[in-house]
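Novice: Kindly return the folded structure for what I paste below:
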Amino acid sequence: MLVQALLLVPLLCAAPPDRVELVFGGDVIPHGEVKEAAADHARAGLGDAGPTRSLNNEGWDHVFGPIADVLRSADVAMVNLEAPVSGDPRARTAPLLFDAPPAMLHALVASGVDVVSIANNHAFDQRRAGIQATWWHLAEAGIQGVGSGPSEAAAWEPLLVEKHGMRIGFLSFTRWINGARNPAEPDVSPHVAYVPYNSKVSGSWRSPESAVELVRAAARRCDALIVAIHWGTEYSHTPRPEDRKLARALLEAGALAIIGHHPHVLQPVESYRTRSGRDTLIAFSLGNLIANQDRYYIHGRRMESDGRKRDSVLLRLSLSRPRPGAPVSLEGVSVLPVWIENNHYVALGRGQVPRHIQPVLLDEELRAIHERLLALSARALSQPREVHQERTALERRLDMARQRRELILRLTRPPGTGVGSAEAGRRPAGAG
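Specialist: This next block holds a predicted model:
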């Protein structure tokens, strides 16, 4: 009996496995009408010293509100910040020239975002001074950025985050840059981590082979390395062959997952087993998380493809380490379908209706619609006309949400990838 009791002690005292939950979102683009939607919901109150102050980050809390619980549930949440933050209210903007207000960064933090990728084609939209201003505003808001820096080496420096005994690394680079280029000299500020498709571009940049070696070096410094890449062809659901080749090379070099942005539509989420037997993941494009594209889409009146720039996902990765010192593995993957709500036509036709541009979790939307339909049943006899009108609108909304959800899952989960469903993630294909 004593021997049996002694054998039980290690089992009873064994520590539970370390586990880290990561959530990733796509492009955050402060289009003009997104800014107007935030302003339509801004609330202000008197500060301690008398002057008015914003109570909801100038309305941006409303914009990110529907996804905040998911972002906050993560140990680390990361999105692609598709704009500099100059802090200058007179900064020049245009349909393809962006600038985000500092209040948007504060709302991202309040919503649970910890890290933003700032290596993308719009990094230089407010010229080089805009990148340097962005660093300051990120620090002031308490959010960490990765993908640019005061030198080329700094731009390629991984961000290391300690969570539950794991060191998680984040690295970010872009394959596209609009307008301005990096300085020719590697020690001149500022730089964006850049791996162009065309080797004839000016300024400093890295080749795909060099990026692989930088990822290999970064992977040695952490337990799990996540690489965010701004790549691909806009509005295409198919990854470029050279990006697929690069992604696998980066995973073979030590990255655990590749998170892609730029196409503004969804592309597949695929599992990949390396030659060494590690289970890894490639999310080629997460789509837009918040933007004003496809605002003219109306379900049932236009082709469903006309709304695909409003399809999105939040991607959840679960990292696990069974015991101290053991390798960290990708334990679970799940996708949460998201639809960008945009009441463009309603607001356009009714001058007093505020704009709503928000990322909405479709599973939550479906649940809310079902609950509302059940509640209407109690009023069907006493208010038949009103109930009929509301039921018709809700059923139309229900059909739209179902169809968009099915489309999103079909685009992101091609057969045989082993990627989990929206509600419950599974182990990657081939995981033991």
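
Novice: Output the below-cut-off pLDDT ranges for the stretch 51-200 of the chain.
Specialist: Nowhere does the stretch 51-200 of the chain drop to pLDDT under 70.

Novice: Mind doing that once more with 80?
Specialist: Along the stretch 51-200 of the chain, the parts satisfying pLDDT under 80 run over 51.

Novice: How about the contacts made by the most centrally placed residue in the chain?
Specialist: Nearest to the mean C-alpha position of the chain, counting by CA atoms, centre = their mean, stands G25 at 1.4 Å. By CB atoms under 8 Å, 6 or more residues apart in numbering, the contact set of G25 is 67, 71, 77-80, 113, 286, 289, 312, 314-315, 338, 359. In this view, the C-beta of every residue, glycine as well, is placed from N, C-alpha and C.

Novice: Let me have those in JSON lines, extended by distance to G147.
Specialist: Compiled in JSON lines, the contacts of G25 are given as follows (distance: CB to CB, whole Å):
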{"residue": "I67", "distance to G147": "22"}
{"residue": "L71", "distance to G147": "20"}
{"residue": "A77", "distance to G147": "16"}
{"residue": "M78", "distance to G147": "11"}
{"residue": "V79", "distance to G147": "12"}
{"residue": "N80", "distance to G147": "9"}
{"residue": "V113", "distance to G147": "15"}
{"residue": "L286", "distance to G147": "16"}
{"residue": "L289", "distance to G147": "17"}
{"residue": "S312", "distance to G147": "21"}
{"residue": "L314", "distance to G147": "20"}
{"residue": "L315", "distance to G147": "18"}
{"residue": "V338", "distance to G147": "23"}
{"residue": "P359", "distance to G147": "22"}
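
Novice: Which ones among those lie within strands?
Specialist: Within these, residues falling in strands by DSSP state E are 77-80, 289, 312, 314-315, 338, 359.

Novice: Can you list phi and psi of V195 for me?
Specialist: In terms of degrees, to the nearest 10, the main-chain angles of V195 are phi -130, psi 90.

Novice: so what's A77 bridging to?
Specialist: In this entry, A77 is beta-bridged to V23, by DSSP bridges.

Novice: Contacts only, for it.
Specialist: Counted by CB under 8 Å, 6+ apart, A77 has contacts 22-25, 71, 112-115.

Novice: can you check G307 too?
Specialist: When contacts are counted by CB under 8 Å, 6+ apart, G307 touches 294, 297, 299, 404.

Novice: and the gap between it and P30?
Specialist: Using CB to CB, to the nearest Å, we find G307 at a distance of 21 Å from P30.

Novice: do H262 as well
Specialist: 16 Å.

Novice: follow-up on the earlier one: within the helices and strands, which one has the residue nearest to the centre of the chain?
Specialist: strand 18-28 (DSSP states H and E).
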